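[1] 3D, please:
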Amino acid sequence: MAHLRFVLPFLLAISSILFVHAADEDMLQDFCVADNGSKVKVNGVVCKAADDVKPEDFKSSLLATPGNTYNKLGSNVTLASVNNFPGLNTFGVAFARIDYAPGGTNPPHVHPRGTELLFLLRGTLYVGFVTTLPENKLFAQKLNPGDLFVFPRGLIHFQLNVGQEPAVALAGFNSQNPGASQVARAVFDSNPSINDDVIAKAFQIDDRALIQKLRELIGMT
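    Numbering: from 1, shown residues only. This is a model prediction of the structure:
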């Protein structure tokens, strides 16, 4: 792929930036491979015994395979975090691959625990984020292969494939577990459901049947 030559500089840049400015607590030892089977959680994941750590704990092929974009959103996010890549524990970083079908979107969402630095490997994206109130200002750009865009921690942001071909992006986070909350799903597909009166007032919707329809549609994504 022609744009693979951008990947190494990107990885080097992101590793130098995110490791220095990690949002998570600084590590106090060389490594702390996560024991994801442990029931003990102390604002993170406990370590495996050092004698049980193996070289393969520090390798992952999670992002090698394209994600399935045959869904209503036309996108797929494959995240390598401490939850599925134990070697990341205490390092304050995570990494993701995002695949987009033509017209596919990674809908408005937030990462409560991490800033995201996105690198477009292939395709054309329209991306942006919205600042907090009272400004509520949109910062949006069209990205081409080789471009970077940063989404500040905790702000609503999105990506849309505006090209005619599939797109692929890579994203780094300064947290081993940045978390994600899609705005539409948080509102219309919570468990248990948010009271209809809250949604009706917030969105100025008088038709309760429409609220239920949105619950059904968004719950299927």
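[2] In terms of helices and strands, where is residue 106?
    Assigned by DSSP states H and E, residue 106 belongs to strand 105-110.
[3] From the contact counts, what lies against that strand?
    Judged by 3 or more CB pairs under 8 Å, 6 or more residues apart in numbering; DSSP states H and E, the packing partners of strand 105-110 are strand 75-80, strand 156-161, strand 181-182, helix 183-188. Bear in mind the C-beta positions are built from the backbone N, C-alpha and C, glycine included.
[4] how about the helices in the chain?
    Applying DSSP state H to the chain gives helices spanning 7-20, 183-188, 196-203, 208-219.
[5] ok, now how distant is the residue nearest in space to the middle of the chain from residue 74?
    Centroid check for the chain by CA atoms, centre = their mean gives residue 180 as the closest residue, at 6.0 Å. Applying CB to CB, to the nearest Å, the value for residue 180 to residue 74 is 17 Å.
[6] quick revisit: show the model's pLDDT score for the residue nearest to the centre of the chain.
    Each residue has a pLDDT score; the one for residue 180 is 97.
[7] for residue 125, same thing?
    Looking at residue 125, its pLDDT stands at 98.
[8] what's around it, how many residues?
    Counted with other CB atoms under 10 Å, the neighbours of residue 125 add up to 29.
[9] Residue numbering should commence at 820 henceforth.
    That works, and once the first residue is 820, the last one we named lands at residue 944.
[10] roughly how far apart are it and residue 871?
    Distance, residue 944 to residue 871, using CB to CB: 42 Å.
[11] just residue 859 next, same as before
    Counting by CB to CB, the gap from residue 859 to residue 871 is 16 Å.
[12] And residue 937, by the same measure?
    From residue 937 to residue 871 the distance is 35 Å (CB to CB).
[13] And residue 941, by the same measure?
    Remark: distance between residue 941 and residue 871 (CB to CB) = 39 Å.
[14] who's more crowded, these two?
    Ranked by neighbour count (other CB under 10 Å), residue 941 and residue 871 place residue 941 first, with 20 against 10.
[15] List the contacts of residue 861.
    By CB atoms under 8 Å, 6 or more residues apart in numbering, residue 861 lies in contact with nothing.
[16] how close does it get to residue 868?
    Taking CB to CB as the measure, residue 861 falls 17 Å from residue 868.
[17] okay, now the domains of the chain?
    Segmentation of the chain into domains, based on automatic domain parsing, reads 821-998, 999-1040.
[18] wait, doesn't residue 917 sit right on residue 980?
    No: counting by CB atoms under 8 Å, residue 917 does not reach residue 980; the two are 9.9 Å apart.
[19] Can you get me a residue count around the closest residue to residue 879 other than its chain neighbours?
    Nearest non-adjacent residue to residue 879, counting by CB to CB, 6 or more residues apart in numbering: residue 904, 4.4 Å away. Residue 904 has 23 neighbours, counted by other CB under 10 Å.
[20] now do residue 1040
    By the criterion of other CB under 10 Å, residue 1040 has 13 neighbours.
[21] Which residues are in contact with it?
    Contact analysis of residue 1040 by CB under 8 Å, 6+ apart lists 890, 891, 892, 1003, 1004.
[22] Burial check on residue 963, number of neighbours?
    Close neighbours of residue 963, defined as other CB under 10 Å, add up to 13.
[23] lowest-confidence stretch among the helices of the chain?
    Among those, helix 826-839 carries the lowest mean pLDDT (a mean of 57).
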